[in-house]
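# Sharing a sequence plus its predicted fold:
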Amino acid sequence: MSFAANRRPVPQRQDAPGTNGGDAAPTTQAQRGETEMGEIAARRRRRRDAVMALPLAGILLLFSPVMLIFDLDGTILGVPAPVAYLFIAWAGLIAAARSIGRGLAMEAETSRPRTRRPGS
């Protein structure tokens, strides 16, 4: 008789907070901290990548061949289509830059170590 035949089935446990999928050992506070730090680092990289990609997006949006797509005789709210496209693309780039900048500022503010003021 083999050893495998004498084994009893192991009951499956439900995923609980602090476990890795139910089959793995519970995660420790340090492991969760490392995971959170990895996620924060990934967010930082994505924001920095977005900062690098924004000028390229601006060049592509305002590049003459792309603008020629909108070289129509029609108007949008009384404004010629190419002019409307130019201002909409410009406003979109400004909004994207502001959003990315706010994210970077919040990130810098939260990652800055808190220092105590003298006398407080």
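Received the coordinates, thanks. Numbering: from 1, shown residues only.

# which stretches of the protein form strands?
Ranges of strands within the chain are 75-76, 79-80, based on DSSP state E.

# Quickly run through the sheet partners of the last one, with directions.
Which is strand 79-80. Paired strands of strand 79-80, with direction, are strand 75-76 (antiparallel) (DSSP bridges).

# which outside residues touch the partner strand?
Contacts to strand 75-76, defined as CB atoms under 8 Å, 6 or more residues apart in numbering, come from residues 81, 84. In this view, the C-beta of every residue, glycine as well, is placed from N, C-alpha and C.

# what about residue 85, neighbour count?
By the measure other CB atoms under 10 Å, the count of residues near residue 85 is 20.

# Numbering from 23 from now on, please.
Okay, using 23 as the starting number, the last item reads as residue 107.

# With the flanking residues excluded, which residue is spatially nearest to it?
The shortest distance from residue 107 to any non-neighbouring residue, by CB to CB, 6 or more residues apart in numbering, is to residue 92 (4.0 Å).

# confidence score at that neighbour?
Looking at residue 92, its pLDDT stands at 77.

# now do the one 10 residues further on
Note on residue 102: pLDDT of 89.

# count of residues packed around it?
Residues lying near residue 102 (other CB under 10 Å) number 15.

# For it, give the beta-bridge partners.
Taking DSSP bridges as the rule, residue 102 bridges to residue 97.

# Quickly note the distance from it to residue 94.
When CB to CB, to the nearest Å is the yardstick, residue 102 and residue 94 sit 8 Å from each other.

# before we move on, what about residue 64?
Distance, residue 64 to residue 94, by CB to CB: 42 Å.
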